[in-house]
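*Asks:* Task: produce atomic coordinates for the following.
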Amino acid sequence: MRKILLVFLFTFSFIFTSQAQVTTASIKGVVGDIGTGVNNVSVTVTDTRTNTSATTKTGANGEYYIPNLKIGGPYNVSISGDGVDEETISDVFLEIGKTQKLDFSSEPVADEVIVMGQMRKTMDIAIGPASSYSTEDLRNLPGINKDIKDLAQIDSRLFYDKQNDSLSCMGMNNRFNSLTVDGVRMNDGFGLKSGGYPTEGMPFAYEAIEQFAVEFAPYDVEYNGFTSCNINAVSKSGRNEFFGTLRYDYTDDSLKGDSLEGDTVSVPTFEEKTMQIAIGGPIVQDKLFFFAAYEKDEGVDTFERGYEGSGAINELPGFTEAQFNRVRDAAINTYGYDPGNLPSGIDYEVEKILLKFDANLSDNHRATLTYNYTDDAHTYESDSDPDEFEFSQHLYEIGDELESVNLAIFSDWTDNFSTEFRYGTLELDNSQECLDGKTFGEMDIQIGSNSIYIGCDDSRHANSMAYEIDTLKIKGELSLGNHVITAGYEIEDYEASNVFVQSFFGEYEFTSLENFENQIADEIVYGNAPSGTLSDAEVNFGYKISSFYLQDEFSIMQGKLDVTAGIRYDYYESGDLPTLNTDYADTFGRSNAINLDGKDIVLPRLGLNYEHDERTSLRGGIGVFSGGNPNVWLSNIYSGDHMSKLELALDDDSLVYGTSGINLAALQYDGTCPSGLDTACPGYLVPSLLTGDLASGAPKYEMVALDPNYEIPSELKFSFGVTHCANLPVEGFFAGDYELSFDYIKSDGEDSAGYIRKDLTLGTDRVAGIVPQLEEITPAVAGSDVKGTLELTNLQGNDTETMTFGVAKDHGNGFDWKFSYTHMDSQDTGPMLSSVGFTSFDRRTYSHANEDVLSRSNFEIEDRVTFVANFEKEFATDYLTKFSLLATHQSGRPYSLVFEGNNMTGYTPYQDEAATLLYIPTGANDPNVVFDPGFDQTGFFNFLAATGANQYAGGLAPRNAFDDSPDWAKIDIKIEQELPGLRPGDKSAVFLVVDNLGNLLNDEWGIFSRPSERATLYTVDASTNSDGQFVFEEFNNPNRFSRDGNASLWSIRVGIRYDF
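*Replies:* Residues are numbered from 1 along each chain as shown. Below you'll find the predicted structure:
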């Protein structure tokens, strides 16, 4: 906070001697004929909103280039000088991330050739495939969540998953995206959020956004920090006239569906309301401007899981109300703990503030200062797989407080040389708290194939994080006739602190409900710093990335082909090292105290845009991108050195473990039990055996180390596209121009990040001649323990391809529409689903745990179609009625069939949820399989037939080979009616948004059913015998898909807006 205040004080002392402005657009062109244009002509661009002008003169061949222009408009572009008529072209609008190409044609007059002030052609030049969205799009299109992701998914290459608030781009990991706001990165700087934002929701007010673009492969060298796609947003600015918006949105449980596929489902009572205020205007006319936006959201986080017959959207098969009551009664009466009830609705509140100041104090210098603040908190489930249920006190709250400041200064030193200076700082504090106030450890009760959780989730026992990111950018642009040379230097300084100790209050596992009732545990896990002082487990680390880049933009082939060629170089520095773990060093002959210091990467880029004629343009490019890998993966090598903190367990290797488990009542505990309980109070206190053993510093297994040969992951992107304006030779409604487009994008990963078990080596034995067996290495020094060592290393890069076809039509009568279809093929070695190292490792599926094989990605959506339509008409004079529709249809997500548990491998830890791919028997007499007497062969083979798994008989079913997840079709609409305002020139409007119209009309429609996030079905409990055969012990008959109630149930939001 202190640093942010210092930035403000410095800026306001400086801002009256220089100026500021956001820039994401430019104008270029030729005055006269290409190749023989008129030189020394003045070209002036004026922003009519602020009366700000920028002037340059044409070069020897009539070329001109004016950078550093605000997006939007309208702009006036005028020319003057010898050999030209003084003329002005008005109503020029600029889009984010694009260059407006604006040429002036020559025309003979008597014996002379005079350049006339009329636009010969315009073309938006985007260096790389992208989709952009204006203020009108933000207002008109149906977006019930007030989030730019609602609009981004209009592009069929993207999918907005509302269940975890994530945006997957081209079938790639949602964590690999980036978000920039006013040129400063504002994505999740640590990597905990699946949504990609640093906060739980969008980190800025919805009404503050002027434009945003989704950029898939922006070949300009200024872009980096992502390998999937970049969301580039620009906030609004003040102007010479005062303007503003007041907006209020509302919905509640009466405006939400309560039935799915004939089932009445329980919807919690709730209200959600959003108030937004945005205002901008002049502080000093033509000189200094302000813009401010405030948003407050109040609502309820709802949950969908329950026991059979509870009426929940997703009822857990095999978990009855009687079992629910037995768990609750035993928790209260035996353990003295109230676990809560069925999760229902938890209130939340979010506040967002954005302040922006722009100044124009000379014709050659401009500056802008933006302050952004967000304070939010939301409640989440921790364990929500199809075979899991958690009582309400097991839920947890994540709270975030974010502050950022961005200062940018632009200077035009000459007609052809300009510079940009930008400094930004972002601070975020994150906390994670269980709803029970962290009074009771976690208990996991196995009931059949289901896991039931009470207490505080083990990952929230001690979990807090903060980080700060400072960025500096210095860039210069030199226009030399047909060439624009860009050179720049950037530095990003990242510092983070993290406390993450799982099972600090203890984690207890029970193999049955009866054992839970009788206080007989199967395992107890405890984590802490060896000193016993939690603060000693805090880790602090950081790094710097220095970037240098050089780029040339020029045109050839008589101006038809625009070329952008450049190179970027990123260099990493870090002085923070993990604590040396001597067991690791002794066994592997190298230190774990290493970091990214000295790592670097070279990123060449080439972008092409070819204008064949006024109706056809082609684009393409190739380039390398890096960044976007969550910093939390790097954090794991510091917090997981197994020196700053340890985790150990009492289990069947422990002396206290009897033939029937651990008798919790017989153990001694550290501390004083709560009033009313005796000296044995598991859950409230940790057994003394565990605290004592941990204080001794042993064991030191389950650590995470960095591969010394680790390289910075990157993506090589190649794209080709074409846009053609086709005139349909018919009359009537279908007559006129249609915009046809095609884009192909291929992204090949290099050195993708992943985890392997460093303590395991590939053995020679194979189960049934198919499944490789891994063997534990022998420590080099007797007594050292490296069991469970993970290594963050490089695996094969992912491989994705997308082909997108689009058709768009503006009928000119208030009706326009756009169709988009994408086919994608996405492969990776593993989904890397978690921020925790061992969880990311554990959630892979494989034939053996250390394999490095490309296969179908969890994130692939093979086919996706979107259709957008807008219609507006004045049914009442001067007041528009607007209708907007968004329709989507997409393929289901793939999934894998796997064995249950760690019996297939026999090596722990990190294999409790092992995902060895399922062997598909050729039949009941398959010689590789022994079926236990109680195994349900009929049900099992019927299941294989239903999934189509029989095609893999005699081998392992490949990862994500199954794609029979239901398709999902959905329609959203928005209706808005303009109304008079209180003053002349003001307008108000009322609007209604319907999310999932199909489900409103018929509860069989619009249902979104999906596999679990990890895309695995634990199908068979199995082990192996001494003859190298699979022993199939139990068929779990897993529920393949669960309904996503938030996405499936219709909902309506109503609101009112006042514009002045």
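*Asks:* so what's the residue most central in space within the chain closest to, chain neighbours aside?
*Replies:* Nearest to the geometric centre of the chain sits residue 196, at 3.1 Å (C-alpha atoms, centre = their mean). With C-beta to C-beta, 6 or more residues apart in numbering as the criterion, residue 196 has its nearest non-adjacent residue at 4.9 Å, and that residue is residue 177. For the C-beta atoms, the positions are set from N, CA and C on the backbone; glycine is no exception.
*Asks:* got a list of what that neighbour touches?
*Replies:* By C-beta atoms under 8 Å, 6 or more residues apart in numbering, the contact set of residue 177 is 167, 169, 187, 196, 226, 228, 229, 230, 231, 628.
*Asks:* how near is it to residue 382?
*Replies:* To residue 382, residue 177 is 24 Å away according to C-beta to C-beta, to the nearest Å.
*Asks:* pLDDT on the strand or helix carrying residue 398, on average?
*Replies:* Using DSSP states H and E, residue 398 sits in strand 396-414. For strand 396-414, mean pLDDT is 94.
*Asks:* Same question for stretch 762-775.
*Replies:* On average, stretch 762-775 scores 75.
*Asks:* Residues in contact with it: which ones?
*Replies:* So stretch 762-775 is contacted by 757, 760-761, 847-851, 904-905, 907, 916, 919, 928-929, 955-956, 1024, 1028-1030 (C-beta under 8 Å, 6+ apart).
*Asks:* which among the residues you listed end up buried?
*Replies:* 757, 760, 847-851, 904-905, 907, 916, 919, 928-929, 956, 1024, 1029-1030 (16 or more other C-beta atoms under 10 Å).
*Asks:* ok, then the element right after the strand holding residue 398?
*Replies:* Heading C-terminal from strand 396-414 (DSSP H and E), you reach strand 417-434.
*Asks:* Now do residue 747 against residue 232, distance only.
*Replies:* According to C-beta to C-beta, residue 747 and residue 232 sit 18 Å apart.
*Asks:* Comparing these two, which residue is more hemmed in?
*Replies:* residue 747 (26 against 23; other C-beta atoms under 10 Å).
*Asks:* So which bits of the helix or strand encompassing the more buried one are buried?
*Replies:* Taking DSSP H and E as the definition, residue 747 sits inside strand 736-750. For strand 736-750, a neighbour-count test (16+ other C-beta under 10 Å) marks 736, 740, 741, 743, 745, 746, 747, 749, 750 as buried.
*Asks:* same thing with stretch 322-331?
*Replies:* Per 16+ other C-beta under 10 Å, stretch 322-331 contains these buried residues: 323, 324, 326, 327, 328, 330, 331.
*Asks:* Measure how far it is from the centre of its chain, please.
*Replies:* Taking C-alpha atoms, centre = their mean, to the nearest Å, one finds stretch 322-331 lying 38 Å from the centre of the chain it belongs to.
*Asks:* same thing with stretch 461-477?
*Replies:* 17 Å.
*Asks:* sorry, back to before: return the subset of the contacts of stretch 762-775 lying in strands.
*Replies:* In this view, the contacts of stretch 762-775 that belong to strands under DSSP state E are 757, 760, 761, 919, 929, 955, 956, 1024, 1030.
*Asks:* Now flag whichever of those is closest to residue 529.
*Replies:* Set against residue 529, the nearest of the ones in strands among the contacts of stretch 762-775 by C-beta to C-beta is residue 757 (25.0 Å).
*Asks:* right, and that closest one touches residue 786 too?
*Replies:* No - at 10.3 Å, residue 757 and residue 786 do not qualify as touching, with contact defined as C-beta atoms under 8 Å.
*Asks:* show me where pLDDT drops low in the stretch 601-750 of the chain?
*Replies:* Where the stretch 601-750 of the chain drops to pLDDT under 70, the residues are 651-660, 697-702.
*Asks:* Tell me where it has strands.
*Replies:* 616-626, 646-650, 662-663, 704-706, 714-728, 736-750 (DSSP state E, counting those that start in this stretch).
*Asks:* Return the fifth one as CSV; C-alpha atoms alone will do.
*Replies:* Output in CSV follows, covering the C-alpha atoms of strand 714-728 (Å, rounded to 0.1, in the frame of the first residue of the first chain):
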residue,chain,number,x,y,z
SER,A,714,7.2,-22.3,-24.6
GLU,A,715,4.8,-22.6,-27.5
LEU,A,716,5.5,-22.4,-31.2
LYS,A,717,2.4,-20.9,-32.8
PHE,A,718,1.6,-21.0,-36.5
SER,A,719,-1.6,-19.5,-38.0
PHE,A,720,-3.1,-18.8,-41.3
GLY,A,721,-6.4,-17.1,-42.0
VAL,A,722,-8.5,-15.5,-44.8
THR,A,723,-11.4,-13.1,-44.8
HIS,A,724,-13.5,-12.5,-47.8
CYS,A,725,-16.5,-10.2,-48.3
ALA,A,726,-18.8,-12.1,-50.6
ASN,A,727,-21.8,-10.5,-52.4
LEU,A,728,-24.7,-13.0,-52.6
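*Asks:* oh, and call the first residue 40 from now on, that's how I've got it
*Replies:* Fine by me, first position is 40 from now on; the one you just mentioned is strand 753-767.
*Asks:* possible to save the buried residues of stretch 361-370 as TSV with pLDDT and secondary structure?
*Replies:* As requested, those are exported to TSV (pLDDT from 0 to 100; DSSP: H, G, I helix; E, B strand; the rest coil):
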residue	pLDDT	secondary structure
362	97	helix
363	97	helix
365	98	helix
366	98	helix
367	98	helix
369	97	helix
370	97	helix
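*Asks:* now, which of the residues you listed sits nearest residue 475?
*Replies:* residue 370 (11.1 Å).
*Asks:* can you tell me how far the closest residue to the closest one other than its chain neighbours sits from residue 481?
*Replies:* Of all residues not flanking residue 370 in the chain, residue 378 sits nearest, at 4.6 Å (C-beta to C-beta, 6+ apart). From residue 378 across to residue 481, the span is 11 Å (C-beta to C-beta).
*Asks:* Now for the two: what residues contact both?
*Replies:* Joint contacts of residue 378 and residue 481 (C-beta under 8 Å, 6+ apart) are 433, 493, 494.
*Asks:* care to break the protein down by domain?
*Replies:* Here the domain parsing of the chain from automatic domain parsing is 57-165, 508-534+578-660+674-679.
*Asks:* Let me see the mean pLDDT of the helix or strand residue 414 falls within.
*Replies:* Per DSSP H and E: residue 414 is located in strand 404-419. Taken as a whole, strand 404-419 carries a mean pLDDT of 95.
*Asks:* and the helix or strand following that strand, which strands flank it?
*Replies:* Later in the chain than strand 404-419, the nearest helix or strand by DSSP H and E is strand 427-429. Sheet neighbours of strand 427-429, with direction, are listed as strand 489-493 (parallel) (DSSP bridges).
*Asks:* what comes into contact with the partner strand?
*Replies:* 355-358, 362, 366, 370, 376, 378, 421-422, 426-430, 432-433, 479, 481-485.
*Asks:* Contacts only, for the closest residue to residue 329 other than its chain neighbours.
*Replies:* Leaving aside its sequence neighbours, residue 329 sits nearest to residue 277 (C-beta to C-beta, 6+ apart; 4.8 Å). Residues in contact with residue 277 (C-beta under 8 Å, 6+ apart) are 89, 319, 320, 321, 322, 328, 329, 330, 395, 396, 397.
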